[in-house]
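*Asks:* Just a sequence and a predicted model for now, questions to come.
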Amino acid sequence: MARKQKQLLQKMISLLEANQASELTTLLNELRTSDIAEVVELVDNEQRRTIFDALNKEISAEVLEKVDEATRGELFEMLGEKELANLVSELDPDDAADVLQELPEADVTEVLESIPPDESKQIKNLMSYSEDSAGGIMDPIVISVPENATVEQAINKIRAAEIDEDFFSVFVVDKNHCFLGDVRIRFLIIKPEDTKISSCIEPDSIYVTANADQEEVRNIFSKNDLIVVPVLDEEHKLIGRITADRIIEVAEEEAAEDLYAMAGTDADELDDVSVIRAARIRMTWLLPCLVGTAVTALVMMFFKGYNPVIYVAAVAFVPMIAAISGNAGLQTSTIVVSGLATGHLVALRLTQVFNREVRIAMLVAVSCGIIGAIVCSFLPYLINDPANPTQTNFSDHFAIVMAFGIGMSSAIMVATTLGLFLPFLFRKIGIDPAISSGPLVTTANDSISVAIYLTLTFWLVS
């Protein structure tokens, strides 16, 4: 925590403990809502109650929206139904929908029944879309003008709009409210007042449909340097807009989700402060990994009946094979997952990615195989004990070295192939490609690489 934040926290706690309500209110009025939200996340419920009592309704609503999900869950319990409804009514419809998505369905119904019908209808419409879609993250408040309007009429409509929002474009629609294009605010300033708005429409205006995935929308913003984009329904009618600040939030969410998936955990872990819940979420991923490592152990036990001297010598190098091949596969899958997430066209073309990654994998596999074989050839002699009857003779040792080199190369190629194809496969069947970089897949890589190495070893020795 930054020094300024620590000082702020200490000052607020001092005021809370001293029951200095007026001084606390004065301090809170000088702070940004983001700073207040950070403090609310760190104090207990009793102190949170005092802070909310010191804030006006509008600021309290912003703080409720800005705190993390675990804290917001505790605030839901602290706030009464009526107070929660009052705060939700202060939020923009898109933010209100996001907050209510975290409540049980019965509570959502009660809250929506307590707020004005017009606001309730807007929020319900937003909640009808998937929360990961353009419709789920859009703001339904837009300024649109008919195609036959003039610049003067468009400006007057902006002036008359009673909304506390920043607008970067005016959207032009036809008589059926179908989207025709957008006009930048700067054109409204420089064009004569009697200019038809239709003549100012931006050529090739970019838009997204309501069912588009939020990751796709994020990539559209990134590639086209957009500030705002309109959202259309299936009939091409204008129903909302998405702004760049919302996309920044989406990018953070998507990045976090990918990191959780690759680490073998889940974003739901942050929804609750319970350590039991967090442990349960992690064990959901770790138990299958435990089964996977048991499969690796079975693979190793399968070869135990062969020459015990060779087996002991070969098993010593199993961790190297599993670790190197697993990391090589992880490197490939991470590159592919990152490319798919950012929407790069090169990453979307399997053939082009395959041609590149296979050549890289071959160079890595040969290099690691040669270097690993060299290490394998002299490493046993660093602890050579002439009195030890389990020492291998030269021919057997040479066979193990050859098996190790070939096994290392083969395991890397197999792991790289899995790391290359699995993200595309998962994406095709609707599973997050980031899971292909998770512990489940790396555990499977271990079993396959160990099986390849030991099979080669005993085949060459026999």
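*Replies:* Everything's here; your move.
*Asks:* Can you verify my assumption that Val145 contacts Val172?
*Replies:* Yes: in this structure Val145 lies within contact range of Val172 using Cβ atoms under 8 Å: 6.1 Å. The C-beta positions use only the backbone N, C-alpha and C, and glycine is treated the same way.
*Asks:* Name the residues contacting each of these two.
*Replies:* By the contact definition Cβ atoms under 8 Å, 6 or more residues apart in numbering, Val145 and Val172 are jointly contacted by Ile197.
*Asks:* Neighbour count for the two, which is higher?
*Replies:* The neighbour comparison of Val145 against Val172 (other Cβ atoms under 10 Å) goes to Val172, with 24 against 21.
*Asks:* That one bridge partners, please.
*Replies:* Val145, Gly181 (DSSP bridges).
*Asks:* what pLDDT does it get?
*Replies:* Per-residue confidence (pLDDT) for Val172: 92.
*Asks:* so who does it touch?
*Replies:* Taking Cβ under 8 Å, 6+ apart, one finds 144-147, 149, 179-183, 197-198, 201 in contact with Val172.
*Asks:* same question, Ala37
*Replies:* Taking Cβ under 8 Å, 6+ apart as the contact definition, Ala37 lies against Val63, Lys66, Val67.
*Asks:* where's it, which helix or strand?
*Replies:* Ala37 is part of helix 33-42 when elements are defined by DSSP states H and E.
*Asks:* and that helix, which residues are buried?
*Replies:* For helix 33-42, burial by neighbour count (16 or more other Cβ atoms under 10 Å) applies to Thr33, Asp35, Ile36, Ala37, Glu38, Val39, Val40.
*Asks:* between those, which is closest to Ile335?
*Replies:* Glu38 (35.1 Å; Cβ to Cβ).
*Asks:* So what does Leu31 have for phi and psi?
*Replies:* Dihedral angles of Leu31 (phi, psi; degrees, to the nearest 10) stand at phi -100, psi 160.
*Asks:* if I pick it, what's in contact with it?
*Replies:* Leu31 touches Leu8, counting by Cβ under 8 Å, 6+ apart.
*Asks:* tell me the pLDDT at it?
*Replies:* Confidence score, pLDDT, at Leu31: 84.
*Asks:* quick one: it from Leu9, how far?
*Replies:* Distance, Leu31 to Leu9, by Cβ to Cβ, to the nearest Å: 11 Å.
*Asks:* just Tyr311 next, same as before
*Replies:* Distance, Tyr311 to Leu9, by Cβ to Cβ: 60 Å.
*Asks:* which one of the two has more residues nearby?
*Replies:* Tyr311 (19 against 16).
*Asks:* after the one helix or strand the more buried one maps to comes which helix or strand?
*Replies:* Here Tyr311, judged by DSSP H and E, is contained in helix 308-315. Downstream of helix 308-315, the next assigned helix or strand under DSSP H and E is helix 318-342.
*Asks:* what's the angle between that following helix and helix 308-315?
*Replies:* 30 degrees (axes from the mean of the first three to the mean of the last three Cα atoms, to 10 degrees).
*Asks:* Pull out the buried residues from helix 318-342.
*Replies:* By 16+ other Cβ under 10 Å, the buried positions in helix 318-342 come out as 318, 320-322, 324-326, 328-341.
*Asks:* Now for the closest residue to Phe171 other than its chain neighbours, how many residues are close by?
*Replies:* Closest residue to Phe171 apart from its sequence neighbours, by Cβ to Cβ, 6 or more residues apart in numbering: Ser144 at 4.4 Å. When counting by other Cβ under 10 Å, one arrives at 18 neighbours for Ser144.
*Asks:* distance of Ser144 from Ser133?
*Replies:* For Ser144 relative to Ser133 (Cβ to Cβ), the value is 21 Å.
*Asks:* Kindly report the same for Pro319.
*Replies:* 45 Å.
*Asks:* repeat for Val337
*Replies:* In terms of Cβ to Cβ, Val337 sits 21 Å off from Ser133.
*Asks:* Same question for Val312.
*Replies:* 57 Å.
*Asks:* the more surrounded of these two?
*Replies:* Ser133 (19 against 13).
*Asks:* In the stretch 201-350 of the chain, where is pLDDT below threshold?
*Replies:* The stretch 201-350 of the chain contains residues with pLDDT under 70 at 258-274, 341-350.
*Asks:* mind running it again at 90?
*Replies:* 201-205, 213-228, 243-350 (pLDDT under 90).
*Asks:* got the CA coordinates for stretch 97-111 in PDB?
*Replies:* Provided in PDB are the C-alpha atoms of stretch 97-111 (Å, rounded to 0.1, in the frame of the first residue of the first chain):
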ATOM      1  CA  ALA A  97     -27.000  -4.300 -13.600                       C
ATOM      2  CA  ASP A  98     -23.400  -5.400 -12.800                       C
ATOM      3  CA  VAL A  99     -24.100  -5.000  -9.100                       C
ATOM      4  CA  LEU A 100     -27.400  -6.800  -9.100                       C
ATOM      5  CA  GLN A 101     -25.900  -9.700 -11.000                       C
ATOM      6  CA  GLU A 102     -24.100 -10.600  -7.700                       C
ATOM      7  CA  LEU A 103     -27.400 -10.900  -5.700                       C
ATOM      8  CA  PRO A 104     -29.600 -14.000  -5.500                       C
ATOM      9  CA  GLU A 105     -32.500 -13.900  -7.900                       C
ATOM     10  CA  ALA A 106     -35.100 -13.300  -5.200                       C
ATOM     11  CA  ASP A 107     -33.200 -10.300  -3.800                       C
ATOM     12  CA  VAL A 108     -32.800  -8.900  -7.300                       C
ATOM     13  CA  THR A 109     -36.600  -9.000  -7.800                       C
ATOM     14  CA  GLU A 110     -37.200  -7.200  -4.500                       C
ATOM     15  CA  VAL A 111     -34.700  -4.500  -5.300                       C
END
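*Asks:* and the longest helix for the protein?
*Replies:* helix 394-428 (DSSP state H).
*Asks:* Which neighbouring elements make contact with it?
*Replies:* With contacts defined as 3 or more Cβ pairs under 8 Å, 6 or more residues apart in numbering; DSSP states H and E, the packing partners of helix 394-428 are helix 308-315, helix 318-342, helix 350-378, helix 439-461.
*Asks:* would TSV of these with distance to Gln122 be doable?
*Replies:* Below are the helices and strands packed on helix 394-428 laid out as TSV (distance: least, Cβ to Cβ, whole Å):
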stretch	distance to Gln122
helix 308-315	65
helix 318-342	31
helix 350-378	42
helix 439-461	41
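*Asks:* closest to Leu287 out of those?
*Replies:* Leu287 sits nearest to helix 439-461 of all these, at 10.4 Å, using Cβ to Cβ.
*Asks:* re earlier: contacting residues around the residue nearest to Phe171?
*Replies:* For Ser144, the contact set (Cβ under 8 Å, 6+ apart) comprises Val170, Phe171, Val172, Val173, His177, Leu238.
*Asks:* show me what contacts the second one?
*Replies:* Think Phe171. Going by Cβ under 8 Å, 6+ apart, the list of residues near Phe171 reads Val142, Ile143, Ser144, Val145, Phe179, Gly181, Asp182, Val183, Pro230, Leu238, Arg241.
*Asks:* Sounds good, over and out.
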